[in-house]
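Chemist: For reference, the sequence and a predicted model appear below.
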Amino acid sequence: MVLYMNIFTQICITLVAVAGVYVLTGLTGMFSLGQAAFMAVGAYVSGIFVVKLGVPFPLACIAAVIIAVGIGFLVGIPTVRLRRDYISLVTLGFGEAITALLNRTTKLTGGASGFIGIPKKTTALMAFTFAVIAILLVNWFKNSKYGRQCIAIRGDELAAKAMGINVPRIKITSFLLSVALTSFSGCLYAFYITYVDPSIFGWKKSADWVIMVFFGGVNSLTGSILGATILSGLPEVLRGLANYRSIIYAILVLLIINFKPSGLLGEYELADLLRRGKGRVKLQKEED
């Protein structure tokens, strides 16, 4: 039971981060390989505030998110004006720079040995609650004017600009929302695991999140949630098959990429699937 609660809690924390990645990649079409660095900022800043400064946990989380968003603004202002492939390179460099900084600030962060002594504050219920809030927030953003403008930019940036959309402003808005969600997931993670080290927040974690979004359906929030749930829970469920779980994980991803390139759900959301289901039931009744 404890094992399954642990898996459930970590899936919920991952969902908060993946919701942020969906805003950036699924809605706006920007690829970032440095999102895990913002998770690191959230984890370390909140941990330092609580452990070394005695700040209450909620205030430490708020401060960590604000600081992460501030850093994200400084990184994002020049970055969002670049082409999509260059955005990946810049964010990758930023992520590596954060990792190097954490490794060198030994007195403050513990360096490569990690930061210890973080109290356990995150519970399964808390993680689930914030995962639901993050998903609802992203769903609201997607259906808002800003979300529709993000989709237009993803489709054709030049056409969106010609239609009067302020492309840099919309891109920085989605980037900062993604940073806020990712950094907050770092706060939840640090106060659940009670220990963090720089190796946890490398570019591979950022790449994993992007894979989850594509696995479920890059154009579907529901698909991204499904992809994150499957791919973050699968390695833990297969922990008993330690020698084979990475192979099973890779085969599953390759099957989706080859036979379902648009992801498990493609562009469909939960509401679309429910409407299709009701339509089929109604059609079946009419035929009967």
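Modeler: Nice, thanks for sending it over.
Chemist: Give me the packing partners of the longest helix anywhere in the chain, helices and strands only.
Modeler: With DSSP state H setting the assignment, residue counts place helix 167-193 as the longest helix in the chain. For helix 167-193, the helices and strands in contact under the criterion 3 or more C-beta pairs under 8 Å, 6 or more residues apart in numbering; DSSP states H and E are helix 2-21, helix 35-51, helix 57-79, helix 124-143, helix 145-155, helix 157-162. Every C-beta, even on glycine, is put in place using the N, C-alpha and C of the backbone.
Chemist: Just the buried residues of that helix, please?
Modeler: Buried residues in helix 167-193, defined by neighbour count with 16 or more other C-beta atoms under 10 Å: 167, 170-193.
Chemist: same question, stretch 86-101
Modeler: Within stretch 86-101, the residues scored as buried using 16+ other C-beta under 10 Å are 87, 88, 90, 91, 92, 94, 95, 98, 99.
Chemist: would you turn those into JSON lines with distance to residue 105, secondary structure and pLDDT?
Modeler: Output for the buried residues of stretch 86-101, formatted as JSON lines (distance: C-beta to C-beta, whole Å; DSSP: H, G, I helix; E, B strand; the rest coil; pLDDT from 0 to 100):
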{"residue": "87", "distance to residue 105": "27", "secondary structure": "helix", "pLDDT": "81"}
{"residue": "88", "distance to residue 105": "26", "secondary structure": "helix", "pLDDT": "82"}
{"residue": "90", "distance to residue 105": "23", "secondary structure": "helix", "pLDDT": "86"}
{"residue": "91", "distance to residue 105": "21", "secondary structure": "helix", "pLDDT": "87"}
{"residue": "92", "distance to residue 105": "21", "secondary structure": "helix", "pLDDT": "87"}
{"residue": "94", "distance to residue 105": "16", "secondary structure": "helix", "pLDDT": "89"}
{"residue": "95", "distance to residue 105": "16", "secondary structure": "helix", "pLDDT": "89"}
{"residue": "98", "distance to residue 105": "11", "secondary structure": "helix", "pLDDT": "91"}
{"residue": "99", "distance to residue 105": "11", "secondary structure": "helix", "pLDDT": "90"}
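Chemist: And those, which is closest to residue 154?
Modeler: Ranking these by separation from residue 154, with C-beta to C-beta as the measure, puts residue 87 on top at 12.8 Å.
Chemist: isn't the closest one right next to residue 32, touching?
Modeler: Yes - with contact taken as C-beta atoms under 8 Å, residue 87 and residue 32 are classed as touching, separated by 6.6 Å.
Chemist: What separation do you get for the nearest residue to residue 14 once chain neighbours are set aside and residue 223?
Modeler: Computed as C-beta to C-beta, 6 or more residues apart in numbering, the closest residue to residue 14 that is not its neighbour in sequence is residue 232, at 4.2 Å. Spatial separation of residue 232 from residue 223 under the definition C-beta to C-beta, to the nearest Å is 14 Å.
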